[in-house]
Every structure is written in C-alpha cells, then in structure tokens.
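# build me a model:
(chains A and B)
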Amino acid sequence: MVSLNPTRILKNEAEEEKAEIARMSSFIGAIAIGDLVKSTLGPKGMDKILVSMGRNSGQVEVTNDGATILKSIGIDNPAAKILVDMSKVQDEEVGDGTTSVTVLAAELLREAEKLVEQKLHPQTIIAGWRISVDAAKQALANASFDHQKNMNEDAFRVDLENIARTTLSSKILSNHKEHFTKLAVDAVLRLKGSGNLKAIQIIKISGGLLEESFLDEGFLLNKKVGVHQPKRLENANILIANTPMDTDKIKVFGSTIKVDSMAKIAELELIYNYPEQLFADAGVMAIEHADFDGIERLALVTGGEIVSTFDSPDRVKLGHCKLIEQVLIGDECLIRFSGVELGSACTIVIRGATQQVIDEAERSLHDALCVLAATVREPKVIYGGGASEMLMADAVSKVAARTAGKEAAAAEAFAVALRRLPSAVADNAGYDSADLIARLRAQHAQGESTMGLDMENGCVGDMKTLGITESYVVKRQVLVSAAEAAEVILRVDNILKAAPRRRGPDRRPC
Amino acid sequence: MSMFPGTVAFDEFGRPFIILRDQENQKRLTGIDALKSHIQAARLIASILRTSLGPRGLDKMMVSADGEVTVTNDGATILKLMDVDHEIGKLMVQLAQSQDDEIGDGTTGVVVLAGALLEQASSLLDKGIHPIRIADGFEMAAATALTHLDSISEAFPVNKDTRDNLIKVARTTLGSKVVVKCHQLMAEIAVDAILSVADLEKRDVNFELIKVEGKVGGRMEDSMLVRGVVINKTMSHSQMPKVLKDVKLAILTCPFEPPKPKTKHKLQVGSAEEYRDLRRYEHEKFLEIVRRVKDAGATLAICQWGFDDEANHLLLSEDLPAVRWVGGPEMELIAIATGGRIVPRFEELTPDKLGSCGLVRELTFGTSKDEMLVIEQCSNSRAVTLLMRGGNRMIVEEAKRSVHDALCIVRSLVQDSRVVYGGGAAEVSCSLAVARAADKLSSLDQYAYRAFADALEAIPLALAENSGLSPIDTLSELKARQASENNSNLGVDCMSNDSNDMKAMNVIESLHSKKQQIALATQLVKMILKIDDVRSPADQ
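The predicted structure follows:
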C-alpha cells in the first residue's frame, strides 16, 4: 500500500528537470540571453537603458556593452548564467567582444536544438563542433597577418588605429571616433608594449563636449594643494608617502595614556594641520589624502619610492618632474605633473554632457584600450566587418563536406551559426541581411577573403581598402569561449536544483 | 497509520494500548513495504547518475541553494550537491563519497552497480526469497567475482620509463570529462605530477604535495604543471622586485610587529618622555626584526601574518622582499618544496632553517589586476602545483575535478600496479564467471548468484546506451565473444573505434578500484536489504 506512493528522494522544494525538459530549459534560457544582446551588435547596434534595482534604485545607465548589460540583469536560468559568466570572463580577459561571444554561443545552441530534434546525440554534435572549432581556428590563424616580422612602426600604428576605429564605431563614440581613436592609440603606444592598463588613468569630468576630451602626457591628480603653499613648482622633487604626517601612534602593548592635564597631551601629539602650516612656511607643496591608486601610479610615473616612515629621508629615492601646477578643467581643480621621468603613464580626461554619456564613453574607451593592449602584446590582426566570420564559416563548411558521419551535420550547423553574426550586424543596421549575406558568401566562395559588410553604405565592400580590422586575439577568444560554453550547456541532460535557502527579511537600511 | 502490524494493540474492549510514545506523529514503514520503498529510492538515484557513465556520458547541471551553477559529470560531486532528503538516498551519497575518498574515481560506476543490484533484489523478493538469503547470496557472489577479478588482472609496470603507458591510462579517465579537448595535455600534466611526487620504492604518493589551483580566463590549453608552488598572493609592496633568482626564503609564522605578552596587561604612559621611549622601542624592534631576517641570509620573507605599512616600507628600504598573509597549507607546501623550516619566532631564525629555490616570479593574468606568485626550481622538486585555466568558472572547476580523477587513477596504479580492462570488459567477464558458479550451486543461493551476474551487466549496458549503441545487441555479442574466445579484454566500443579489444585501446582501470566498486556496492546492498523497519517523524 505504502510502496505505491511515489518515493521522493529530494528535499521538499528541490526540483529535478530531466532529459528533454532540461535541455529545452537550457536552450530557451541561453537563446533568450543571446537575443537580448543581439540588437546591440555592430556599428549600427542599439543601446539599452538599465534601471538599477535595490539599493540605488532608479539610477539609469545607457550602454551597449554586452558585459555591462549582462552583469546588470538578474537571471534565474542556470544555462543563461553560464553565458553571463562567460561574457564576464571575456571582459576581464580581452575586454572586448563580449556581445559577439554571447550571440555566437546562443546561435550555436539554437542550431543544436534543431539537431537534437532530428535525434542527433548531443555528444555527436559536440564532436562535430570540435572539428569545426579546429578548422575555424586554423582558418583564422592563416588569415591573420602580423607586423612582428617587419616591425614597421608606422604601419603598425595604422593597424592599431584601424582596430580602435572598428571597436569604437559600435559605441556611442562613433561620431567622434577619429578623435578617440587617436587618444586610445596614443595612450597605448605610450605604454611601450607593457600592456599595463593600470598606468592609464581615466578622469571623468562632466560638462563640455565629447570632442573636448584629451590625453594629458603627464599625470593628473584630482586633489588640492594645501593652503598657502606654492601653486606652481618647477623641477620638483617629490616625496611620496603613504603614512599620516603626525606623531606615530605606538602599537606596542595595550598602552593607555594617563595624564594629569591637557598640557601634556599637546606635548605628545602635534596639533592637526600643524604640519600643513610648516610646509607652507618652508615653501614645500604638499598634497593630502591622495588615494591609493593615485599614489602607486604617481610612484610609477615619477620614479619615486613610496615611503611609510619619515625617519631616514636621506635614503629615500625621490621622484622628479619638470613642472607641477594647478589646472582648471571644467569646474574641477586638478594638479598636473608634467615632464615626468618615465613617460609610460598618462591620463585621459573625458568630457561629456551628462553622466551617462561620460560613463558610456569610459566603457567604450576601456574596450578600445583593452583590445589595443592585447594587440600590442600579440600583434596579429584580421579583417573585421564580418569578413573573418565568413572566412571561418567557409572553412568549416569545407571541412563539413569532407567529414563522413553524423558529425558533418553538426559542423554545417556551426558554419550557419557563424554566419548569423554578420547577419545580425546587417539586421541591426536595417539592411536586407539575407541578400547581403548571400552576396558576401558568393564573394568569399570566389576566394575574395577580405570582403565584408560596409555598414556605411549598406553593401559588400573590401575591408582592406576600408581599413576595418580587428584583433586576432579577441576573435580567437570569442570563437573558443563561445564553443566551450555552448558545449557545456549542450552536455547537460539533467538539472537538479537545490531547495532555495531561506533568508530572513532584509533589514539593511536602504 | 494504525494498520501497520505491531503499531497498536487492542484489548478485549477494543481500546488501543499505547506502546510507543507519539505514535500518531510518526511515520512507519515495515517489512516488504520498507524494502520496496528503499529499493525504489536507490534506483531513482542510480537512474540519475546512469546517463553520466562512460566517455560519452552527459553532464548534470546543479543549482545550489544560493543559485550557484555547477556543471559536472563526476558522480561524487553530483551526489554531494544534490539536495537529498531520503534516508536511503543519503546512504547512496555516502557510498559514492567513500569510493571517492578511497580511490577518487569510479564513483558513478559504484552507484549504478548498487542500483542494479537492488533492482535484481526486488524481483527476487517478489519470488518470495527472504531478504537475508538474498543478501548472503550476493555476498558470496561478490567474493566469487573478486577472486575472478584477481585471476584476470594483469601487471602494469609503473616507473619513469612507462610514462607513455600511464598517459594512455590517464587519457581513459579524462575521456568522459569536458576536458577531452586537450586530452593529451591534461593527461601529461597528471602523470608528470604523480611521477614527480611518487615514491616508487615505497609505492606511495603523498597527495598533500600536489595542489590543484584554478584560475578563470585564458584557454584550457594554457593549463600547466608548475614544478614548485603557486600562491595566490603578491609581493607586499608594489615596488618590490617581481622576479627573484637564487632565493633564500625565510618562512615565518610570526607577525612583523613588536612582541606582545600573552598575559593580560595594561601599560600606562604618564609623560611625553615615556611616550617617546616607547616609540623608540617600537621602532628599534622593527629594525631588529628586519635585521635578524637579513642576517640569517634570507632574500625573501614569506609571512603567515600581515605587517603594517611601516614595517612594509622598512622591508623595502632594506631590500628584503616579502609576501604577507600566506595561508597555512601553502606555508607547509613552501616549506616542503624549498626544504626550509617554518620558523615561529624571529629569535630562532638561523641560516640553516632557510629554504632555497631557483626562481620566484609573479604571473599576471588578463586585463584586470590578477597576480600569482610562482616559486620554482626548488631544492626539493617533489611539491608540484597544477594550474588549470579555462573559459569560465564552471569549466575551470570541472577541469580541476577531472584532473583530480586522473591523478587518483595514476596514483592507484603506483600503489597497486595490477589492472583490469575497462569499457565494461571486467564486468562482463565477472558476470560470466558468477553465472558459471551459479550452475554449480545446489542451494537457494543460485538465484542470488544469477541476479548478481545480471546486475553486473548493468554497467556495460549503460555504457552502450550512453554511446548511442543498441544496448542488448552489444551486450549479447560481447558475452558471446568473451565466452567463445575466452578473452576478458573485450568491452564496449564507446568511441566507435571499430575495436572491442580494450587492451589495444588502452582502456584500463586499476584492479583495486574495480574491486572496491564491487565490494562497496555489495556491502551497501546488504545493508539496505537488512532494514525492515523505518521510523521517522511524519511530514508536517
């Protein structure tokens, strides 16, 4: 009698989704995420408004950066979470291509769904994909070209500018892309191949126009000079300290101070602001409360050493710079260190009408800087505008034609998913994507592998003459990460959800 | 509830005796009902894991109570993360856990086998055989299977020269995981790690010396074996050198600060003079500490505790790079690797207690600020670290688990070098042997023997099913060929290689692991069959 009851092995609220249902749930989740960011792809992609919830509710953010969008939306579907996670990694690793990677993974899964319906085993599909990824990677590597061999600075700079332009053209900065391209390339070239983006400081000051943004060769610090101290110094020696300028507090033992009168305390501790007055008297410029990053960057720029004690000033290495002065940008007062010893750091000041514009400009610039830094590290470039995707798709198709067995269908599906990327770019710009892609494909079939989509004129164009190039590293990462994530999702045949943890009511002040 | 036998007794007036306290609040299952319910639960769990078995098994997506997602096909991990409530379910979870602790691999197999055994037991119960007779029969059948395993096992030499063969074995284990893409690399990493740690004389591998670290980002191909220690820390001061050569390490577990008496105390400062004295004392203490470390000849201080900015700067100006907040296990690893001693007090620091290594360098990853410290070319090269990379956190976690499995299988080969062949070959062979033995028995145990033989076939069946082959056809062909050719190396051809010879394909499992699987599964089944009464508080 009792054994007729269904046996429940999981906890009360835990769920289990099996085979077809599990697969459907992950496909739907992933495809929904892909469709969400798809419309932001390409030079004519649209932006999204994100309104935050919870603590700072009502705050508005306008962006078309895939990683930012995905970071901000709350997701419950586990498969979707995998995609979001992947785009975050892409953001951290190469900084750009976050949208492409998500869309590619989602398109792969969309194709996989059809194949599963045709009763292909997921493992077979994965085997087909692996063949395709190898072929696509090979094609991409063959198509990429490298300036390392003939290290021509000018040509490399042109390449970098092209890449920066391509990246920026899909962002809010597209109207001022020439200006920002120059900014980004200058900044990255100043790093001299170190690729250390920490040395580039971005200061945002609202007001003014986007074109008024500029690159400062020196270093800007958003701090004020003490009262009555000189506002301008030439040939300055800089002592960089990260310790308070008052008497050391003793840390030994549980010491307490017991005194009879106030007079003795004055003897012990210096009065606040007293050092500032001393500095003013001595004609030394002192800057208080510089932040931690600022200090490190300043040390990097001026070649000084960060000190934590004032006991041995003779042994401390001082930093040098030609000129320190106070400058006024907008209504902000900044301190500029120019003529610094090590020219590897610089500052970019972004101006813009509203906070949202500036924030988005910063994100776009960050993307461009990341891509450039990655390119400097591995100076290989390929053609953008969908040319590389079509190239890979062609290579995969060829491999699919040669493959015997069911894997061929999966490989063909991979090629289809790759072609969806340029097609989304064309769709977003409002052109007839089916026609454009078909024409592009025909061109590629004739061996014109530099052909891509010219989104300014809405036709097929030669990317070589248009100068639309992208970083090889970013493209390869997009391909590999997307295939990896899609594979992880496809391999799942069972979703087991634990009972959600019970939480007490949120008592934080809001 | 009152319909269960033994729960309630009535006197001649029809009034119930209360035998157990709160019996209306308790749930109770007895006799055959209890057994059936348990078997049902165990089979449910086994059926969840069944599709993850073998090189073509699929993964499970686990969502934790906090919404964290894990994708895995490692049996032990699936069961650990599953929110199991049922009593028997919990037993199964522990079964996989103990296989994981003991061997580290074959966790899925043991659960599937236990499920199959219980399924067979269920039909025997329907025939009216007493559960204890079934349990005893299974026990004897398992003993037969184990002796048969011994007889078909083959020696597999393990030493530095057989690296290639070991790699092939590791590849088999990794075959079922998501890392197949860089199969060869992972297998090499695992084998090299074990070989550099293994004590081949004593046939022992100390797992403490192998650390598996994961770092999100990069490609899986970037994973590597570091012959040394990797710690997730950086130099304490941003201007300390990033690369150090021929390093002498002082490994300290004492903080860089003036000594503190442990007794409760209170120190009163009465005048400015005293205050200054104290300050001077403190400063001198710092200097003394740094000097002590310098005098001992150390060129790098590894400190378990922190030190404040003042000490930090002092270290920089004295050219003594230092690392702070290093965790306890890492400290031990560093000590083992560099041959240094962990020093708990500055006073006890002497030159012979320092560790030494050839190279210390910082690794930087990606665009964000992510750094790790690598200590390489150590005097004792036996401590190694496996650094796993991958596209996202889930892949890295899964890669870590997979490599752990591979490490385990290689280790078990080092410990006991006898092997049997995988792909279900050993199970089919055992099943045939047990079935042969059944015919020679005259007692009721015959039935249990036959059931056991059938249950063993569950593994090749599941393998064939997951690989998209027709399970019954494959199995019957295998059985026929094994019986006629008397060749126990024939297994399921999961990867469509057109060959059933597992020896040629290098599909190997260690004898120890296989024996453990059968023994553990039988033990658990025996335990479940012996339960005839369950009391639990009723659902509210």
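# drop to CA atoms for contacts and neighbour counts, all remaining ones
Fine.
# can you classify the most centrally placed residue in chain B as helix, strand or coil?
The centroid of chain B falls nearest to B:Gly104 when counting by CA atoms, centre = their mean (4.6 Å). Of the three states, B:Gly104 takes coil under DSSP: H, G, I helix; E, B strand; the rest coil.
# close enough to count as contact, it and B:Arg411?
No: judged on CA atoms under 8 Å, B:Gly104 makes no contact with B:Arg411 at a distance of 9.7 Å.
# and the helix or strand A:Asp359 falls within, anywhere near chain B?
If you go by DSSP states H and E, A:Asp359 is part of helix A:355-377. Yes: Helix A:355-377 lies within reach of chain B by CA under 8 Å from any CA of the partner chain, at A:Cys370.
# convert the helix or strand just after that helix to CSV, retaining C-alpha atoms only.
Counting by DSSP H and E, the element after helix A:355-377 in chain order, helix or strand, is strand A:380-383. Presented in CSV, the C-alpha positions along strand A:380-383 are these (Å, rounded to 0.1, in the frame of the first residue of the first chain):
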residue,chain,number,x,y,z
LYS,A,380,48.3,40.0,-35.1
VAL,A,381,45.3,41.5,-36.9
ILE,A,382,42.5,40.2,-39.1
TYR,A,383,39.7,41.9,-41.1
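# quick one: contacts for the residue nearest to the spatial centre of chain A?
Ranked by distance to the mean C-alpha position of chain A (CA atoms, centre = their mean), the top residue is A:Gly95 at 3.1 Å. Residues near A:Gly95 by CA atoms under 8 Å, 6 or more residues apart in numbering or on different chains: A:366-367, A:370-371, B:367.
# got these as CSV, with pLDDT and distance to B:Phe10 columns?
Listed next are those as CSV, based on pLDDT from 0 to 100; distance: CA to CA, whole Å:
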residue, pLDDT, distance to B:Phe10
A:His366, 83, 83
A:Asp367, 83, 82
A:Cys370, 83, 83
A:Val371, 83, 84
B:Thr367, 51, 79
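# what segments of the stretch 101-250 of chain B are strands?
Counting by DSSP state E, counting those that start in this stretch, the stretch 101-250 of chain B has strands at residues B:154-155, B:210-216, B:224-226, B:228-231, B:243-252.
# what's the most buried one of those?
strand B:228-231 (a mean of 26; mean count of other CA atoms under 10 Å in any protein chain shown).
# rounded mean pLDDT for it, please.
Strand B:228-231 comes out with an average pLDDT of 83.
# what comes into contact with it?
With contacts defined as CA under 8 Å, 6+ apart, strand B:228-231 is touched by B:213, B:326, B:330, B:333-334, B:337, B:372-378, B:381-385.
# cutoff 6 Å now
For strand B:228-231, the external contacting residues (CA atoms under 6 Å, 6 or more residues apart in numbering or on different chains) are B:372-376, B:383-385.
# got the confidence number for whichever residue of the stretch 51-200 of chain A sits closest to chain B?
Proximity of the stretch 51-200 of chain A to chain B (CA to the nearest CA) peaks at A:Glu93, 4.4 Å away. Looking at A:Glu93, its pLDDT stands at 73.
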